[in-house]
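1. sequence and predicted structure, then a few things I'm wondering about:
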Amino acid sequence: MKKLINEKIKATWFIRYFGLSKVPLIFYCRPSVIKLTEETTIIKIPFKRRNKNHLKSMYFGALAVGTDIAGGVLAMKLIRESKRNISLVFKDFKADFLQRPEGDTHFTCNDGQAIKDLIDEARETGERVNMPLNIIATVPKISGNEPVAKFVLTLSLKDKSI
């Protein structure tokens, strides 16, 4: 039996609702989920007037939103599946800009297993635990899988169930 609502559409709606209710800049950037599995998240930020800078490339703020969502939505999914009350925050943000993103930009996080391990560590220790997440930004229609930027966010989790 087919699901009534495709999982990618459901996840996209969740992100946009979260943005509208909690972080309006997320909603404003109009992110979409391309892929969401236990291991990988791919988020697309469309290249529209609202996301461009004066050089006609994607604005830094929109890049930060895509990066935040790519790591955050994967962590939120895995936390929800763990059925624990775990607090999530990003502790820091590092960026390496390689090319100008001049098209729809995809943000990929492949750290699902490491996030699961961090959730387990937070549950076992009861302490705040940290881990770097690697996010790669690409513009598939222009440069294929060649990165236009690389980001590292430090994911910080604390199990509040204890």
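-> Structure received. Numbers count the residues shown, from 1 in each chain.
2. can you tell me which residue is spatially central in the protein?
-> Ala70 (1.4 Å; CA atoms, centre = their mean).
3. ok, it - contacts?
-> Thr41, Ile42, Ile43, Phe107, Thr108, Cys109, Ile135 (CB atoms under 8 Å, 6 or more residues apart in numbering). Yep, even glycine has a C-beta here, placed from its N, CA and C like the rest.
4. and the contacts of stretch 36-50?
-> Contacts for stretch 36-50 (CB under 8 Å, 6+ apart): 7-8, 11, 15, 28-35, 51, 58, 62-63, 65-66, 69-71, 73-74, 77-78, 101-110, 112-113, 116, 139.
5. let me know the secondary structure of Leu20.
-> Reducing the assignment at Leu20 to three states with DSSP: H, G, I helix; E, B strand; the rest coil gives helix.
6. who wins on neighbours among the contacts of Ala70?
-> Among the contacts of Ala70, the one with the most neighbours (other CB atoms under 10 Å) is Ile43, at 31 neighbours.
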